[in-house]
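**Student:** quick one: sequence plus predicted model below, questions after.
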Number of protein chains: 4
Amino acid sequence: MDLAAATPLSHQTRYRVIYGDTDTMGVVYHANYLRWFEIGRSELFRAMGLPYLEIEARGFMLPVSEVTCKYLAPARYDDVVVIDAALNPGFRAGMQFDYVISSEDGRVLHATGQTRHAFVNQDAKVVRPPDFVRDLIRSSESAKR
Amino acid sequence: MDLAAATPLSHQTRYRVIYGDTDTMGVVYHANYLRWFEIGRSELFRAMGLPYLEIEARGFMLPVSEVTCKYLAPARYDDVVVIDAALNPGFRAGMQFDYVISSEDGRVLHATGQTRHAFVNQDAKVVRPPDFVRDLIRSSESAKR
Amino acid sequence: MDLAAATPLSHQTRYRVIYGDTDTMGVVYHANYLRWFEIGRSELFRAMGLPYLEIEARGFMLPVSEVTCKYLAPARYDDVVVIDAALNPGFRAGMQFDYVISSEDGRVLHATGQTRHAFVNQDAKVVRPPDFVRDLIRSSESAKR
Amino acid sequence: MDLAAATPLSHQTRYRVIYGDTDTMGVVYHANYLRWFEIGRSELFRAMGLPYLEIEARGFMLPVSEVTCKYLAPARYDDVVVIDAALNPGFRAGMQFDYVISSEDGRVLHATGQTRHAFVNQDAKVVRPPDFVRDLIRSSESAKR
């Protein structure tokens, strides 16, 4: 129970925008928000005690099967953005994460989005989420209550 | 009418995958499909007789306001993919494009997706689609019939 | 000799700049020229009759060990650039390619650069260039004369 | 003098590798090291009390005119790399930075490199380094002694 209480369902990571993230419109190129989603869920996995490399070490990969992103207000060079990544426990076929990208002071909502992921085994077959992942999600949910 | 008939509503572009597009999972990194969507709609604009730079020259920008992508089968290094971009005339608030990414021989469907775009004027305000765009879409639709 | 004559030492590839290649300075982000170098040498390998995948199929990888690039005049959104990649037969320890990036009409020299590559075998050891590569280079050189 | 003493000539920044940085060879794609160079010098500018945006606010841009990078040992997914960026005061025509990319524990030297930059004014002309930059460098040098 104490252990479960330590398992977060969401995590925040800061990232500072570089020139390489921007485009000639003077804002962050839209595809790069998907990189931020990856940073966010990667750090969430780590915070949950299950670094993504550990999932791979157990024989599973978790490729993105679907992504959506709504762009609300552009982020610009040298901005610090906050990447909020949350595990959505409602998606049972694989994993779903929901993201909010906001400014450091929280006043600007840059984007929202979500990714869905399938579990793939070493034979490149899509499989059900392995038990160690389902246990982790279940313990996180009960911790939440 | 002959002129209208020359205005395509969709366009196909070929692209060959480089190492820089791939990731350590051995496949194209998912965010890079959004670059392909950009290539596709950029070439569609050109084929429609309205290069994107011309839209900018008339005082409008067309940032992405929303993107979705479903990943069906991975593309890999050195694959030639076909980017099919189509204007969706049903979205009136801005512009919507639908995309299909497939293998060169048409046998593999790598991904499908769509982007929505808002028209932004030089004061960074969202505005209605300018007349020259609506005329173009209308003429394309009538040409289609 | 006829065969050798068909082996080019250099190759030109066209590429059109997208938004995703540019940065907020209004020009192509400097790191992306290295992607163009990769496109150039990849197409040169293909033109030489030795696609890079064939090198990998024979058990070798050819990672970049060194890169230099001089930026002379910026390329911008929607520009078509010509990537000229040439094999430099003077580098015997691995492979060296020299690049020139210019505008489509040849009037603007955007950048020059070079990459050096080591041959790495399946045990991740650096090895001497395999015979099939040295034969190819030698035949190209004699064809040149 | 105390003020000068606070001006560092070098700065270290940590960065964690994501999937989007890697390629199908299982390592970080070589072009992405140039992004790390940018992160490094950007944080060095900030540590020197002169954020790059401040240089732009004073009417100057500082595009990369030349880059070199030597790749010594690959960095991989989830590695934390340390980006060491140092101002090289010996280059008077613009600015030069020297970089060392190493593993977090300092045991692996991933890469070394340098970038040179020209000062460009608002008319897109290359100009001499502005006084406020030369003063900063001079004070840093004297602080070093």
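**Tutor:** Nice, thanks for sending it over.
**Student:** all the helices of chain A, in order from the start?
**Tutor:** A:2-5, A:32-47, A:52-57, A:131-144 (DSSP state H).
**Student:** buried set for the last one?
**Tutor:** Judged by neighbour count using 16 or more other CB atoms under 10 Å in any protein chain shown, the buried positions of helix A:131-144 are A:Val133, A:Leu136, A:Ile137, A:Ser139, A:Ser140, A:Ala143. Any C-beta I mention is one placed from the backbone N, CA and C, and that applies to glycine too.
**Student:** what is the mean pLDDT for stretch A:105-113?
**Tutor:** Computed over stretch A:105-113, the mean pLDDT rounds to 98.
**Student:** please apply the same query to stretch A:53-66.
**Tutor:** 96.
**Student:** state the distance from the residue lying closest to A:Leu87 once chain neighbours are set aside to chain D.
**Tutor:** Excluding the flanking residues, the one nearest A:Leu87 by CB to CB, 6 or more residues apart in numbering or on different chains is A:Leu9, at 5.1 Å. The spacing between A:Leu9 and chain D, counted by CB to the nearest CB, to the nearest Å, is 21 Å.
**Student:** same deal with A:Ile55?
**Tutor:** Separation of A:Ile55 from chain D (CB to the nearest CB): 11 Å.
**Student:** ok, for that residue, nearest residue in space, not its chain neighbours?
**Tutor:** Per CB to CB, 6+ apart, closest to A:Ile55 is A:Leu62, 6.1 Å.
**Student:** contact partners for the one you found?
**Tutor:** When contacts are counted by CB atoms under 8 Å, 6 or more residues apart in numbering or on different chains, A:Leu62 touches A:Tyr52, A:Ile55, A:Gly94, A:Met95, A:His117, A:Ala118, A:Phe119, A:Val120.
**Student:** how about those in JSON lines, adding distance to C:Lys125 and neighbour count?
**Tutor:** Below are the contacts of A:Leu62 laid out as JSON lines (distance: CB to CB, whole Å; neighbours: other CB atoms under 10 Å in any protein chain shown):
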{"residue": "A:Tyr52", "distance to C:Lys125": "29", "neighbour count": "21"}
{"residue": "A:Ile55", "distance to C:Lys125": "30", "neighbour count": "18"}
{"residue": "A:Gly94", "distance to C:Lys125": "39", "neighbour count": "20"}
{"residue": "A:Met95", "distance to C:Lys125": "38", "neighbour count": "22"}
{"residue": "A:His117", "distance to C:Lys125": "36", "neighbour count": "21"}
{"residue": "A:Ala118", "distance to C:Lys125": "36", "neighbour count": "20"}
{"residue": "A:Phe119", "distance to C:Lys125": "35", "neighbour count": "20"}
{"residue": "A:Val120", "distance to C:Lys125": "31", "neighbour count": "19"}
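**Student:** closest to D:Arg35 among those residues?
**Tutor:** D:Arg35 lies nearest to A:Tyr52 out of the contacts of A:Leu62, by CB to CB, at 20.9 Å.
**Student:** by mean pLDDT, which helix or strand of chain A comes out lowest?
**Tutor:** For chain A, counting by mean pLDDT, DSSP states H and E, helix A:2-5 ranks last in confidence among helices and strands (a mean of 46).
**Student:** can you pull the contacts of the residue sitting furthest away from the middle of chain A?
**Tutor:** In chain A, the residue that sits farthest from the middle, by CA atoms, centre = their mean, is A:Thr24; the gap is 27.3 Å. By CB under 8 Å, 6+ apart, the residues touching A:Thr24 are C:Tyr19, C:Thr22, C:Asp23, C:Thr24, C:Met25, C:Gly26, C:Val27, C:Arg76, C:Tyr77.
**Student:** got a list of what the nearest residue to A:Asp84 once chain neighbours are set aside touches?
**Tutor:** Leaving aside its sequence neighbours, A:Asp84 sits nearest to A:Val100 (CB to CB, 6+ apart; 4.3 Å). A:Val100 makes contact with A:Asp84, A:Leu109, A:Ala111, A:Thr112 under the criterion CB under 8 Å, 6+ apart.
**Student:** so the second one makes contact with A:Ala75?
**Tutor:** In this case it means A:Leu109. No - under the criterion of CB atoms under 8 Å, A:Leu109 makes no contact with A:Ala75, lying 10.6 Å away.
**Student:** before we move on, the earlier item: want to throw the buried residues of helix A:131-144 into CSV with pLDDT and distance to B:Val127?
**Tutor:** Formatted as CSV, the buried residues of helix A:131-144 follow (pLDDT from 0 to 100; distance: CB to CB, whole Å):
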residue, pLDDT, distance to B:Val127
A:Val133, 92, 46
A:Leu136, 85, 47
A:Ile137, 83, 44
A:Ser139, 79, 50
A:Ser140, 74, 45
A:Ala143, 62, 48
